[in-house]
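S.K.: Could you look at this predicted model? Sequence included:
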Amino acid sequence: MTEAEAIAKIHSVYPSGKKEGLTNMREIMSRLGNPQAAVPMVHVAGTNGKGSCCAMIERVLREAGYTTGLYTSPYIERYNERIRIGGVPIAGDKLAALVERVWPAVEDCRAKGIRITEFELGTALAFTAFAQEKVDIAVIEVGLGGRLDPTNIIHPLVSVITEVGMDHMHFLGDTIEEIALEKAGIMKRGVPVVLGRQEKAAHRVLLAAAKGLGIPVLDPDAENVRETSRDVTFDVRMPDEMIKNLTVSLRGRHQAENACAALGALHVLRQRGFAIPTEAVRRGMADVRWPGRLESFGHILLDGAHNDPGVRALCAYCDAWLPREKTVLLTGMMADKDVAQMAKRLSTRVRCVVTTRPDLPRAMDADELAQAFAQHGLKTVAVPEPREALAQARAMAGPEGTVLVAGSLYLIGAVRALLRQEKEFADVI
C-alpha cells in the first residue's frame, strides 16, 4: 500500500456516524489489543488554544529527553501532520503500514454493523502508532467536545481544559455552561485536571465537575505579561516554584494563558515521576512552533481563528501590532460559523478585505462572505480561487502593508501550501 492509497482509505470511511457513547471506539480498539493502554498520555480539551497547549507540552517533554507522540486535528496541509513522533509528522511509508495494520479491524467492525468514522479511524491509527514506536508519553488533543470524543477512551496522567467558548453549538449545546459540561467529560477519577483561563460561567461548571469527582484542580495564571510582535514573556507561580521571565515563541498575549495550562500539565507529570527540569521548560517554550497560529511568512500573517473567542484573541494582537491602515484581510469561512460576529470584529481592524472560498462543501461562497464585510463600510473584493485571492490581497497591501489571512484553518492550509511553493519559504516545514 502506498501513502496515497492509505490516505484514500482513511478518507473512504464514514465522515460521521451514529454515536453510542464511545462504543465504536472501544470496539475497534479492542480488536487492536487496546494499544492506548500501553502509553502514558496527556489529554487536552478546550474550544481555543488546545492545539498550542499540546504543542508546548510536547516540545518541553522532548527538550527534557523524552520520546513523544502528538495527536492533533485538523491537519493544516497533509494528513500525516496529525500523528507526530518526536515532533516529526509520521512518514508516508509508516502511515501506509499503519493503515494496513488497522484496516482489518475496521472491516471486522463493519461486518458487525459498526460504522467506524474517519476521526475514529485516525485516532486508532495514532494510538497504534504510539504503542508501536514505544513513545515515552503521548499528548492527545480532543477533536470535538470531550465527553463523547473518540479520544476519551484513554485514562491519562493529567487532563487539561483550555478556554471554553461558543463554538460547535449544534453538537455541544447552546450555552457556555452546556459546552463546558461537555468539555468536563474528559475528567476522570484519580486524574488531576488543569484549567486554562475561563469565563466565570464555564469556570463554575468545570470546578463543580472536578469537585464531584474528587480530583485536584490546578488553575495557574500568567502575571506581568510582556508582549512583543514575535513572542510573549510572563511570570507564573506554580505549586513548587515561581517561574519568572518565561518566554513563549508564539505570538499573542493569549499564548501566555495557554502556556500556563501547559505548565500545569507538566507540573502534574513531574509529580508522576517525569524528570522535567526548569531549564528544559525554558528551552522548550522558547522554541515551540505551531503552524498557522499567527505564523509569519514575510509580510503575510496566517492565523487559524475561526470562531469568536479565536477572533477576539486575534483582534487583540492586531490592536497591538498591526496598523489598520496597512492591513489587508484575506478570509474564507465556513458557513456554519458565526460569520456575522467575526466580520463585525475584524472589520474594525483592517483597511480592506479579499474574500475567497476554501475547497470544502461547508465553505461560504466568496460573494456572500464579501457582503458580510461590505455592510461595515469596507472595500471588499470577492475572489473565489485562493491562489488568485492571495495575489489580489498582496497587490492591495503593497510592499509596506500586511496581509492577514484568517477565518478558517482550511484556508490557512491552502494559503500556507501556496506560500511554501515560493523560493523564499521553501524551507519552512
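M.R.: Perfect, thanks for sending it. Numbering: from 1, shown residues only.

S.K.: Could you check how sure the model is about the lengthiest helix in the chain, as an average pLDDT?
M.R.: Among the segments of the chain that qualify as a helix by DSSP state H, the longest is helix 92-111. Rounded to a whole number, the mean pLDDT of helix 92-111 is 97.

S.K.: what does stretch 117-125 give?
M.R.: Throughout stretch 117-125, pLDDT has a mean value of 96.

S.K.: buried residues in that stretch?
M.R.: Within stretch 117-125, the residues scored as buried using 16 or more other Cβ atoms under 10 Å are 117, 119, 120, 121, 122, 123, 124, 125. In short, each C-beta sits where N, CA and C put it, glycine included.

S.K.: One more: stretch 293-312?
M.R.: Of the residues in stretch 293-312, those buried by neighbour count under the rule 16+ other Cβ under 10 Å are 293-295, 297, 300-312.

S.K.: next one: stretch 52-68
M.R.: Within stretch 52-68, the residues scored as buried using 16+ other Cβ under 10 Å are 52-64, 66-68.

S.K.: farthest-separated two in the residues you listed?
M.R.: Checking those against each other with Cβ to Cβ, the farthest-apart pair comes out as 52 and 67, at 21.6 Å.

S.K.: hang on, the earlier thing: between the buried residues of stretch 52-68, which sits nearest residue 407?
M.R.: Distance to residue 407, by Cβ to Cβ, is smallest for residue 52 among the buried residues of stretch 52-68, at 18.1 Å.

S.K.: Dihedrals phi and psi, that closest one?
M.R.: Its backbone dihedrals place residue 52 at phi -60, psi -40, with angles given as degrees, to the nearest 10.

S.K.: residues contacting it?
M.R.: Contacts here follow Cβ atoms under 8 Å, 6 or more residues apart in numbering; on that basis residue 52 touches 250, 255, 258, 290, 293.

S.K.: okay, now the third one: neighbour count?
M.R.: When neighbours are counted by other Cβ atoms under 10 Å, residue 258 registers 32.

S.K.: worst-scoring helix or strand of this protein, pLDDT-wise?
M.R.: When each helix and strand of the chain is scored by mean pLDDT, DSSP states H and E, helix 169-172 comes last, with a mean of 58.

S.K.: per-residue confidence at the residue nearest the centre of the chain?
M.R.: Among the residues of the chain, the smallest C-alpha distance to the mean C-alpha position (Cα atoms, centre = their mean) belongs to residue 51, namely 3.0 Å. Residue 51 is assigned a predicted lDDT (pLDDT) of 95.

S.K.: And it, how close does it get to residue 344?
M.R.: Spatial separation of residue 51 from residue 344 under the definition Cβ to Cβ, to the nearest Å is 25 Å.

S.K.: For whichever strand or helix holds residue 410, output the C-alpha coordinates as CSV.
M.R.: For residue 410, the host element (DSSP states H and E) is helix 409-419. The C-alpha trace of helix 409-419 is given here as CSV (Å, rounded to 0.1, in the frame of the first residue of the first chain):
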residue,chain,number,x,y,z
LEU,A,409,-7.8,26.5,9.2
TYR,A,410,-8.8,25.1,5.9
LEU,A,411,-8.0,28.4,4.2
ILE,A,412,-4.7,28.6,6.2
GLY,A,413,-3.7,25.2,4.9
ALA,A,414,-4.4,26.2,1.3
VAL,A,415,-2.5,29.6,1.6
ARG,A,416,0.4,28.0,3.5
ALA,A,417,0.8,25.4,0.8
LEU,A,418,0.9,28.2,-1.8
LEU,A,419,3.5,30.2,0.1
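
S.K.: Show me how far that helix is from its chain's centre.
M.R.: The chain centroid and the centroid of helix 409-419 are separated by 15 Å, computed with Cα atoms, centre = their mean, to the nearest Å.

S.K.: what's in contact with it?
M.R.: Surrounding helix 409-419, the residues in contact under the criterion Cβ under 8 Å, 6+ apart are 74-77, 291-292, 295, 297, 300, 302-304, 306, 330-334, 356, 358-360, 363, 386-387, 390, 405-406, 425, 428.

S.K.: List the contacts of the closest residue to residue 221 other than its chain neighbours.
M.R.: Ranked by Cβ to Cβ, 6 or more residues apart in numbering and with sequence neighbours excluded, the top spatial neighbour of residue 221 is residue 260, at 6.2 Å. Counting by Cβ under 8 Å, 6+ apart, residue 260 makes contact with 196, 197, 220, 221, 222, 236.

S.K.: Let's have these in TSV, adding pLDDT, distance to residue 6 and neighbour count.
M.R.: Compiled in TSV, those are given as follows (pLDDT from 0 to 100; distance: Cβ to Cβ, whole Å; neighbours: other Cβ atoms under 10 Å):
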residue	pLDDT	distance to residue 6	neighbour count
196	94	35	28
197	90	39	20
220	95	41	22
221	93	44	14
222	96	42	23
236	97	42	20
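
S.K.: Can you flag which of those belong to helices?
M.R.: Checking the contacts of residue 260 against helices, none of them qualifies (DSSP H).

S.K.: Between its first and last residues, what's the separation in stretch 22-37?
M.R.: End-to-end span of stretch 22-37 (Cα to Cα, to the nearest Å): 16 Å.

S.K.: Surely residue 5 is within a strand?
M.R.: No. Read with DSSP: H, G, I helix; E, B strand; the rest coil, residue 5 is helix and lies in no strand.

S.K.: Now for it, how many residues are close by?
M.R.: Neighbour count for residue 5, taken as other Cβ under 10 Å: 12.

S.K.: Name the nearest residue to it, ignoring sequence neighbours.
M.R.: Closest residue in space to residue 5, ignoring its immediate chain neighbours: residue 96 at 7.0 Å, by Cβ to Cβ, 6+ apart.

S.K.: and that neighbour, how far is that from residue 359?
M.R.: 25 Å.

S.K.: Comparing these two, which shows the higher neighbour count?
M.R.: Neighbour comparison, residue 96 and residue 359: the larger count goes to residue 96, with 19 against 12 (by other Cβ under 10 Å).

S.K.: Show me what the helix or strand harbouring residue 242 is packed against.
M.R.: Here residue 242, judged by DSSP H and E, is contained in strand 241-248. In terms of contacts (3 or more Cβ pairs under 8 Å, 6 or more residues apart in numbering; DSSP states H and E), strand 241-248 is packed against strand 232-238, helix 254-271, helix 278-287.
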